[in-house]
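Peer 1: using only what follows, build the 3D model:
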Amino acid sequence: MIYEKNKENLKKYRHLIAALISQSIGYFTPLMAYSAIKNFQDNTPYFCEWYMHIAGLRGAKNESDYLVINRDVIKSAIKNRNGYDFKRCLAIVDGNIAGYESLGASWF
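Peer 2: Numbers count the residues shown, from 1 in each chain. This next block holds a predicted model:
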């Protein structure tokens, strides 16, 4: 179930959330992408399997490395937000705003 507050947050960050879904190649659901954004705003690490994979590739050693990973992923998503699948990602976000919660966004 998607609560009204979540719908408001999805609306507020609609394009960035879609960009993060695209950047993650469908790993992020809209609510997961919003969580990454919220952690970025709060300057707290965000942990997920994808970020742990990146951390392993980078040789991350502590929680502050996850702050950098989250910042880099968000920055890259903003830069590449007009990818070929961006409109499909917007449709996923819009579906969640309409109340259809994504349990997994992997549709590529």
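
Peer 1: what sits against Gln23?
Peer 2: The contact partners of Gln23, taken as CB atoms under 8 Å, 6 or more residues apart in numbering, are 73, 76-77, 80. The C-beta positions use only the backbone N, C-alpha and C, and glycine is treated the same way.

Peer 1: just these: which are in helices?
Peer 2: Of the contacts of Gln23, the ones assigned to helices by DSSP state H are 73, 76-77.

Peer 1: now a ChimeraX select for only the buried ones of those residues.
Peer 2: In ChimeraX, a selection of the buried entries from the ones in helices among the contacts of Gln23 looks like this (16 or more other CB atoms under 10 Å):
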select :73,77
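
Peer 1: from the ones in helices among the contacts of Gln23, which is closest to Asp42?
Peer 2: Val73 (15.8 Å; CB to CB).

Peer 1: okay, that closest one and Asn6: tell me how far apart.
Peer 2: According to CB to CB, to the nearest Å, Val73 and Asn6 sit 21 Å apart.
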